[in-house]
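Engineer: sequence and predicted structure below; questions after.
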Amino acid sequence: MKPLTVLFFGSQGAGKGTQVKMLMDLLRSKSDREIIRIDMGQELRNLRDTGTYAGKLTGEIIDNGIRIYDFMAIYLQTKLLMENFTGEEHIIADGLARGDDQTRGFDDMMKFFKRDDLQVVNLVISDDTAVKRLLARGRNDDTEEAIRRRLAWTKTDVLPQLELLKSRGRTVHEIDGEPDVKTIHNNILAALGLS
């Protein structure tokens with residue numbers, strides 16, 4: 001199996017983390033390649049928890065549901081790939097490309113690393129579904145107010161990135177994120193040509 005490069009999109013609560021895990025499990029069962037996972041939300045939470053000055057400032061931003069500055073996301077994803085990527089691994093990413101600079105940064109990095117087959121999976125759900133799912137998961141940064149703020153900037157800042165990626169020649173798969181987890185997984189596999 002040749003290396004797979006997939007960037008997941010979707011509002012908070014769309015089930016990206018669940019679908020990423022299921023895809024990674026499938027890749028591990030079908031391929032000996034290692035997987036580099038870029039989970040920007042987790043990278044930012046890890047930075048917040050370092051106790052450094054940058055970590056404190058990051059915490060103030062993400063705990064209030066505000067979008068992180070593009071330079072920070074670009075720095076974290078670049079650092080992770082520069083230090084760990086050998087060219088052979090699958091790359092599965094989510095929480096990236098949240099603004100024009102982030103998107104161009106990630107796409108340029110994929111071109112630099114000769115990953116011309118980058119595919120994008122966009123999980124589509126309603127705002128009401130997102131709020132219901134996020135409140136049920138019970139994370140301390142998931143107040144309804146913070147969730148609705150994040151959903152608002154998802155529409156204004158994130159969704160336009162899909163058009164930017166398309167304009168740069170990337171394939172974007174729109175996947176209905178409302179059905180059950182298994183149906184969504186099967187639809188993703190079909191879109192990626194893995195079923």
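Structural biologist: Ah, there it is. Treat the numbers as computed from the prediction; the structure is a model and nothing was measured.
Engineer: which parts of the chain are helices?
Structural biologist: Shown for the chain, the helices assigned by DSSP state H span residues 16-30, 40-48, 53-62, 70-84, 100-112, 127-137, 144-153, 159-167, 181-191.
Engineer: could those go into CSV alongside mean neighbour count and distance to K2?
Structural biologist: From N, CA and C alone the C-beta is placed, and that goes for glycine too. Output for these, formatted as CSV (neighbours: other C-beta atoms under 10 Å; distance: least, C-beta to C-beta, whole Å):
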stretch, mean neighbour count, distance to K2
helix 16-30, 16, 11
helix 40-48, 18, 25
helix 53-62, 15, 35
helix 70-84, 16, 18
helix 100-112, 18, 15
helix 127-137, 15, 34
helix 144-153, 16, 35
helix 159-167, 15, 21
helix 181-191, 16, 16
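Engineer: looking at those, which is nearest to F9?
Structural biologist: helix 159-167 (6.3 Å; C-beta to C-beta).
Engineer: quick one: mean pLDDT over the closest one.
Structural biologist: Averaged across helix 159-167, pLDDT comes to 94.
Engineer: hang on, the earlier thing: by mean pLDDT, show me the worst of the helices of the chain.
Structural biologist: For these, mean pLDDT drops lowest on helix 144-153, to a mean of 88.
Engineer: count of neighbours near E34?
Structural biologist: A total of 14 residues lie near E34 under the criterion other C-beta atoms under 10 Å.
Engineer: surely it and G87 touch.
Structural biologist: No. Using C-beta atoms under 8 Å, E34 makes no contact with G87, being 11.1 Å away.
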